Every structure is written in C-alpha cells, then in structure tokens.
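>>> Sequence plus predicted model, see below.
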Amino acid sequence: MRACHRLAALVVVVVAVVVVGSGGFSPRVLGQTVQSPSATKTITFENVLVMLQNGIDEEIILARLVKSPTVFTLGADQEQALRAAGATDRLLAAMKGGRPAEATPEPISDLAIVFDVSASMSETTRDGESKMAVAKAVMADLVARIPAGLNVSLTVYGHHPGCSAVETIRPLAEFRDADRGGLSATVHGLVPTGNTPLALALKRVGEQFAGRQSYCGVVLVTDGLESCNGDPVAEAARLAENPWLKFGVNVVGFGLKAEEDASTGRIATAGRGRYYSASDRAGLAAAIADVTKKLEKGAKPAPLSSTGRAGYRAIVVRKPEIEYPRMKAIELKKPGSNKSSLAVVSAASYDQELRQASPANVDLWWVPEAGLPVKLLADVVHAERDVRELRMEAIAGMIRVTSEAQHPGAEVAVTKQDDTQESAVIPFRISGDLGIGQDVVVPPGRYNVWLLREGQAKYEALEQGLEVKPGEVTVIRY
C-alpha cells in the first residue's frame, strides 16, 4: 500500500480528515506541518487507518511515519477509530510527533541466505586466496552469529552445471544453536562448478516467503553477474513488493569489477536493501559483519501465521519448471517400503501438502502415469513441525534411450549400479516398463540401463555406471 505523495513546492501542509458528528460527516483540520523542499514522503490519517484495517503490522506503519513529516492533532473520534482498527498507544504517540530520531531497525524473522557456488568462485582474490575458501570462512562466521530463533534458509546456485542449478539445501525453518555446526559443514562441502542463475535463485527465495506473514529479508553473496538470461533486478523488485520485506535484499558483491559492481548494486536497490562491495577477505568480512549487526538489531520472534501454516508438519513437492513425465501421485511411505506397499499419505498433484501426523522418518515415492513407481528420497528426517518444500529439479533426474531404428515393444529398465547381473533386473529394477524415447525418472546417482527387445527373453545391458544428475536428462543412444 503506497501512501506517499510527491509535493514539489509545498511549504505548509494542512491535513484534513472526515469526522463523524451529529449532523453527519464534516471536514476537520487536524494540524499543520512545515515541510522542507527535500522532504518527499507524507502519510495521512486515512493512510494509517486503512493500513491498520488491512492488517499491516505496526512496525511497518511506524517505519513509514518516521519518514513522513506529518504531525497529527487527533480528535477523540479519530483516536477511537484508530484504536478500533488496532492502533496502540505507541502508534498514537508516534502520529502525534513522538517518533524516534532515527528509524527503528528493520525487523526480521525469516532470513534467506543465497550463496554463489558458480565456477568463477574458484578464482583467486588479489591476495592470492581462493574466493571460495574466503567466502566459506566468512560464511562460517555469519552462521556462528545468526541470532537463534530466526527462521533461516540456505539457497545455493551454480553447484551443478546448467542454468537450473538452484537448490534450497536448508528449507526455511527455525535456526537453533545446535544447527550451526551442520550448516557450516554444508557450506564447507560446496564445490564451485557451474553458471550464475541469480534471477532464478531470487525467484526461489520469493517462493519461500509466499504466504508467510512474518518479517523477512535476504543476504545474497555473489562474485559475478547473471549468466542465464534472467533479470535479477526485476526479481529483487518483485521481492520488494512484499510488505513484510523490511530487511530488504542485501547484496555482497565479491571481487567484482567496477562496471559489475554498478550492475549488481542495482539488485540491492531494487530489493530495498544495501549493497556491499568487497575485493578481499577483509572487505568480505567487514561486509558480512555489518549485515550481522543488522540481523542482531532487527531479529524478533516471528508472529503466528493467520494462514495456519505454522503448527503442523508437511512435505510439499513444488511443480517443476522443466518437463518431467506425467505424474499420477506423490506418496510418503514407511522406510524400507517397496513399490506395492501402502502409502501413509499421498497427493495427486504437485504443490499439494503431504501432512505428516508424526515425526517418524518416511520414504518419498513418485508415481508416474506410465511406468513403475520410483523412490526419490529414503529415510527423510522431518522432526520440526513446519512445511518442508522440495523441488523435483533437486531430487530427480531422467534417463532417455534413443534410437534411429524402430523398436516397437522394447522395454527399458534401470537398476542400481551394484546390480550388474541380468538376473537382477526384474526383482531389483528401480524403474522401467517404458519404451525407447520415453524418459525414465530416477533420483540422482549412478545406474545400469537395460533393454528388453520384443521377442527376447533376456535383458541386454546398454550402459553400466551411468551418472544421472538432478534436473537433467541423460541420453543413451542405442
């Protein structure tokens, strides 16, 4: 809700509102404000009332009042209307001029960290250190100082080749002191590999914040520009449309050239955050230290969500942006279950929550419309009462057998790498019953691929130890 009006040459502003009297509605002068030529943002009584009626949090309204020159003289009926809409004594005092000299710290409950793992992070700084080694060390310091109680996620990009290599390796969940070691170890194990899909990474962050009514913000660490034809500035601007994004999109540019600095800085500007330019270890450490101070000042408990998403446990698999075979169901089963075992809970479409009544570990199965069900994740640990989001592009790849010749009736089967005997195909195949040219969905890993031609009694081995990566199709030509 944008209540700011640009006033070019106005010196004295008289604010009028409508008050209720015995004879109906009549205008009433509330007060006067002297505005300097440089002041450009004002807020009116109606603006405040409408924001309260729409459920905008008081901290957000106070932050806007700090930036507004308007001082209100409120009548009893106006105070009554504001209180009925949810105004507190603190807000009424601020409207009457009792505002802090400086803006209050940007509140934050949900923090999304976005970390660059693209190939350029393997380059060296001007001090001769690996960018990745420096970034890992400084990130470890950030993890050590994140206030416990915040909801924190970690999204990485460039950790695999290709422009779809974006993965949220820690979903948004409450961050506890016990989580620090595990998150640092996760960052330490990352290897710079691929491209720089910045825009897609920011889009994923927006999906994490969607539907949540809690203060949120982003810390993005990058050493390069978008390389996948996305528009990270536009994605940051979309994030900034979220009224809960008070902390903003804070960007740390590491080892960038001057022209790259300017381009990357526009991401922070569009996201209502700050931009930090760092060329070496000291600069990066200073930037992260400043971000940490903002976190420490702004951290506050997340409010309960009125949407009811808090307080229960569920897994949801998001609709993939790349094409997979048509899906019939997604199922959660007890660990060790097989293809024919009954599901604990199932969903008939992507983006549908799979509610879990207990914290017991589960296996996640993907059931295609054609072919055999496949176990994508085993022994999923989900102790927290939250909604965990998974992306197909992060947990499933595909195998496609192609041929110039026609092979009607031929069947493709896939077994684990250790199952090298033809006799193991039928009892131990993890996917199959599909023909040449059809995509077989499997979790990332190494596999043996088999073909049974029409009229034959035995499968023949096409490939052994075939590597399948998430979000990609691995093609075998027969």
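Ah, there it is.

>>> Could you list the low-pLDDT ranges of this structure?
1-42, 57, 59, 67-69, 98-106, 298-311, 424, 427-433 (pLDDT under 70).

>>> Could you list the domains of the chain?
Following automatic domain parsing, one finds the domains of the chain at 12-95, 110-298, 313-394, 397-477.

>>> could you redo the ones you listed as TSV and give each row mean neighbour count?
For every residue, glycine as well, the C-beta is placed using N, CA and C. Shown next, in TSV, are the domains of the chain (neighbours: other CB atoms under 10 Å):
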stretch	mean neighbour count
domain 12-95	15
domain 110-298	19
domain 313-394	16
domain 397-477	17
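
>>> So residue 234 is in contact with residue 198, correct?
No: with contact defined as CB atoms under 8 Å, residue 234 does not reach residue 198; the gap is 11.0 Å.

>>> any idea which residue sits dead centre in this structure?
For the chain, residue 205 is the residue whose C-alpha lies nearest the centre (CA atoms, centre = their mean; 2.3 Å).

>>> show me the contacts for that residue.
Counting by CB atoms under 8 Å, 6 or more residues apart in numbering, residue 205 makes contact with 112, 114, 153, 155, 218, 239.

>>> contacting residues for the last one?
By that I understand residue 239. Contacts of residue 239 (CB under 8 Å, 6+ apart): 202, 205, 206, 209, 218, 245, 249, 271.

>>> How about the second one?
The contact partners of residue 114, taken as CB under 8 Å, 6+ apart, are 155, 156, 157, 201, 202, 205, 218, 219, 220, 221, 222.

>>> Would you tell me which one of those comes nearest to residue 58?
Nearest to residue 58, judged by CB to CB, of those is residue 218 at 23.0 Å.

>>> So what pairs up with that closest one in the strands?
residue 112, residue 249 (DSSP bridges).

>>> That one reaches residue 273, doesn't it?
Yes: Residue 218 is within contact range of residue 273, at 7.0 Å (criterion: CB under 8 Å).

>>> so what's in contact with those two at the same time?
What both residue 218 and residue 273 touch, as defined by CB under 8 Å, 6+ apart, is the set 247, 248, 249, 250.

>>> got a list of what the closest residue to the last one other than its chain neighbours touches?
Same thing as residue 250. With CB to CB, 6 or more residues apart in numbering as the criterion, residue 250 has its nearest non-adjacent residue at 4.1 Å, and that residue is residue 273. Contact partners of residue 273, counting by CB under 8 Å, 6+ apart, are 217, 218, 247, 248, 249, 250, 251.

>>> one more time with 7 Å, if that's ok
218, 248, 249, 250, 251 (CB atoms under 7 Å, 6 or more residues apart in numbering).

>>> between those residues, which is nearest residue 349?
residue 218 (29.2 Å).

>>> Identify the residues contacting the closest one.
112, 114, 205, 239, 249, 250, 271, 273.

>>> okay, stretch 157-171 in PDB with CA atoms only?
C-alpha atoms of stretch 157-171 as PDB (Å, rounded to 0.1, in the frame of the first residue of the first chain):
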ATOM      1  CA  TYR A 157      23.300 -21.800  -7.200                       C
ATOM      2  CA  GLY A 158      26.000 -22.900  -9.600                       C
ATOM      3  CA  HIS A 159      26.700 -26.100  -7.700                       C
ATOM      4  CA  HIS A 160      26.000 -28.100 -10.800                       C
ATOM      5  CA  PRO A 161      26.400 -27.300 -14.500                       C
ATOM      6  CA  GLY A 162      23.500 -25.600 -16.200                       C
ATOM      7  CA  CYS A 163      21.100 -22.800 -15.600                       C
ATOM      8  CA  SER A 164      18.600 -24.800 -13.500                       C
ATOM      9  CA  ALA A 165      21.200 -25.400 -10.800                       C
ATOM     10  CA  VAL A 166      19.500 -23.700  -7.900                       C
ATOM     11  CA  GLU A 167      18.700 -25.600  -4.700                       C
ATOM     12  CA  THR A 168      17.500 -24.800  -1.300                       C
ATOM     13  CA  ILE A 169      19.600 -27.100   0.700                       C
ATOM     14  CA  ARG A 170      18.200 -25.800   4.000                       C
ATOM     15  CA  PRO A 171      14.500 -25.100   3.900                       C
END
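
>>> Pull the residues that contact it.
Residues outside stretch 157-171 that contact it (CB under 7 Å, 6+ apart): 116-119, 152-156, 183, 186, 190, 192-197, 200-201, 204, 208, 228, 322, 388-389, 393-394, 469-472.

>>> And the longest helix along the chain, how far out from the chain middle?
Secondary structure of the chain per DSSP state H: the longest helix is helix 281-298. Helix 281-298 sits 21 Å away from the centroid of its parent chain (CA atoms, centre = their mean, to the nearest Å).

>>> who does that helix touch, helix- and strand-wise?
helix 131-145, strand 248-254, strand 275-278 (3 or more CB pairs under 7 Å, 6 or more residues apart in numbering; DSSP states H and E).

>>> chain center to the shortest one: distance?
What separates the centre of strand 275-278 from the centre of its chain is 22 Å, taken as CA atoms, centre = their mean.

>>> ok, residue 248 - contacts?
106, 217, 271, 272, 273.

>>> mind checking how far it is from residue 215?
Using CB to CB, to the nearest Å, residue 248 is found at 11 Å from residue 215.

>>> Same check on residue 108?
From residue 108 across to residue 215, the span is 5 Å (CB to CB).

>>> Identify the contacts common to the two.
246, 247.

>>> which other residues reach the helix or strand hosting residue 474?
Element membership for residue 474, per DSSP states H and E: strand 473-477. Contacts to strand 473-477, defined as CB under 7 Å, 6+ apart, come from residues 397-403, 439, 449, 462-463, 466, 468.

>>> Cool, thanks, signing off.
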